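> Output the structure for:
(one chain, ligands or ions: 5)
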Amino acid sequence: MCILLIVSILLLLNDNECRQYRYDYKFLLEVDGWIKLHPVPATWEEARLKCQLEGAMLSSPHTINMQAVMKNTMKNTRAELSGVFTGTHARFSKGDFYSVDGIPLTKMAVSWMPMEPDNEGNIEECILMLGNGTIADVNCNDVYPYICYRKRQNVAFTECGTIDRDYIFDKRTGHCYKFHTVHRNWTRAFMTCSAEGAYLAIVNSETEAEVMRDLFATHPANTIKYDTVLVGFHDWGERGTWTTVHGQTLEEAGYAKFEKGQPDAAPPGEYCGGMFRGATLNDVWCHESLAFICEKTVDSLIEWDDYSI
Ligand SMILES: *[C@@H]1O[C@H](CO)[C@@H](O)[C@H](O)[C@H]1NC(C)=O
Ligand SMILES: *[C@@H]1O[C@H](CO)[C@@H](O)[C@H](O)[C@H]1NC(C)=O
Ligand SMILES: [Ca+2]
Ligand SMILES: [Ca+2]
Ligand SMILES: [Ca+2]
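Ligands and ions are numbered 1, 2, ... in the order given. As a prediction, the model looks like this:
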């Protein structure tokens, strides 16, 4: 009897573990996966990317259960009035609507709002789902809230507290780092780190500068544009003063070593944080797409809490 009890507690615990993904995602049995509502309206492209960067997918009402969950998730939020972007779009071929995971709209049991679809102005290639579950075609460049979904699969957290194996723990600082070789501009890089539960790297010490040099050394010079990465400081609109993404001056953060001749405010002006291979800092153009480094504390995505038991 006692053994049986222990076994079933272990099973419960184990099941609980399977249901952990990130603290900002909620497990829902009905859709056998995790859901997150993004209440801040974004364009379809931004919404799709953000879900992907979070390890999820922009959700579509594939099934009756998913429709119900999406409706429920919107309930009592502003999204109930505005509707949410679904992952269903016809951006590759006009009128051919597919979810981001390739399911045709014709296989989804959804009904159109009255007078829809109308492809108004011949620019409506994304599908909006309203609070009452009906859908409409809308302009992908309009902004709406959206819902991300990740189907349940075994999640194995690394020592960095994420499923992303590209985050490497460094014992010198006790933090984890990911070197992104896909070049993005500073704001996109910021968003990418954020979606991964991290932040654009902030160098806080000479030791961490050494960690940066070692990270850089794993990527040959000719693969990284200008031999520069984006890091977590910005002028925040105050020309000539630099503040980290955690609100400190570089001196307060613990490292302010610019490359000789930098910052040089190269025309038309450089307002974003960069760093050379030798870990010396540089001011860079905010529009320029470059490699970047995200930094993460080890525990920021997991939270043992309230599901089952
Ligand atoms: C859903 O809401 C839309 C917009 O308010 C409305 O036009 C439509 O008739 C509603 N459909 C149902 C089935 O309630
Ligand atoms: C950064 O890239 C995004 C996506 O391509 C773009 O929308 C945004 O305007 C860019 N920002 C700057 C400052 O160039
Ligand atoms: Ca329409
Ligand atoms: Ca740091
Ligand atoms: Ca510069």
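
> make it CA atoms for all contacts and neighbour counts henceforth
Fine.

> distance of the residue of the stretch 201-309 of the chain found nearest ligand 5 from Ser194?
As assessed by Cα to the ion, ligand 5 sits closest to Asp283 within the stretch 201-309 of the chain, at 4.0 Å. Asp283 sits 21 Å away from Ser194, going by Cα to Cα, to the nearest Å.

> Same check on Pro61?
Relative to Ser194, Pro61 is positioned 27 Å away (Cα to Cα).

> burial count for Lys36?
Per other Cα atoms under 10 Å, the neighbour tally for Lys36 reads 23.

> Surely it forms part of a helix?
No - counting by DSSP: H, G, I helix; E, B strand; the rest coil, Lys36 is not part of a helix but strand.

> Distance-wise, check it relative to Thr228.
Lys36 is 34 Å from Thr228, where distance means Cα to Cα.

> Can you name the residues that contact the spatially most central residue of the chain?
In the chain, the centroid-proximal residue (Cα atoms, centre = their mean) is Ala195; its distance is 2.3 Å. Counting by Cα atoms under 8 Å, 6 or more residues apart in numbering, Ala195 touches 50, 53-54.

> Just the ones of the residues you listed in helices?
In this view, these that belong to helices under DSSP state H are 50, 53.

> any chance of the contacts of Ala195 in CSV, with pLDDT too?
Below are these laid out as CSV (pLDDT from 0 to 100):
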residue, pLDDT
Lys50, 97
Leu53, 95
Glu54, 95
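
> From the contacts of Ala195, pick the one nearest ligand 3.
Within the contacts of Ala195, the smallest distance to ligand 3 is 24.2 Å, found for Lys50 (Cα to the ion).

> How about the residues of the stretch 151-300 of the chain by ligand 3?
Nowhere does the stretch 151-300 of the chain come near ligand 3, counting by Cα under 5 Å from the ion.

> quick one: the helices in the stretch 151-300 of the chain?
Along the stretch 151-300 of the chain, the segments classed as helices by DSSP state H, counting those that start in this stretch run 186-195, 206-217, 250-253.

> Pick out whichever of Asp283 and Ser194 has more residues nearby.
Neighbour totals were compared for Asp283 and Ser194, and Asp283 leads with 25 against 18 (other Cα under 10 Å).

> Tell me the bridge partners for that one.
For Asp283, the beta-bridge partners are Gly273 (DSSP bridges).

> Can you name the residue of the stretch 1-150 of the chain nearest to ligand 3?
In the stretch 1-150 of the chain, the residue that lies nearest ligand 3 is Asp137 (4.1 Å; Cα to the ion).

> and the nearest residue to Lys296 once chain neighbours are set aside, what does it touch?
Nearest residue to Lys296, sequence neighbours excluded (Cα to Cα, 6 or more residues apart in numbering): Ala198, at 4.5 Å. Ala198 makes contact with 294-297, 300 under the criterion Cα under 8 Å, 6+ apart.

> How about Trp34, nearest residue that isn't a chain neighbour?
The nearest residue in space to Trp34 (Cα to Cα, 6+ apart) is Phe27, at 4.3 Å.

> any idea how far ligand 1 is from Asn72?
According to Cα to the nearest ligand atom, to the nearest Å, Asn72 and ligand 1 sit 15 Å apart.

> So for that residue, what's the pLDDT?
Turning to Asn72, the model gives it a pLDDT of 97.

> try Gln20
79.

> got a list of what the nearest residue to Lys178 once chain neighbours are set aside touches?
Closest residue to Lys178 apart from its sequence neighbours, by Cα to Cα, 6+ apart: Tyr167 at 4.7 Å. Neighbour list for Tyr167: 160, 176-178 [criterion: Cα under 8 Å, 6+ apart].

> Thank you kindly, that will do.
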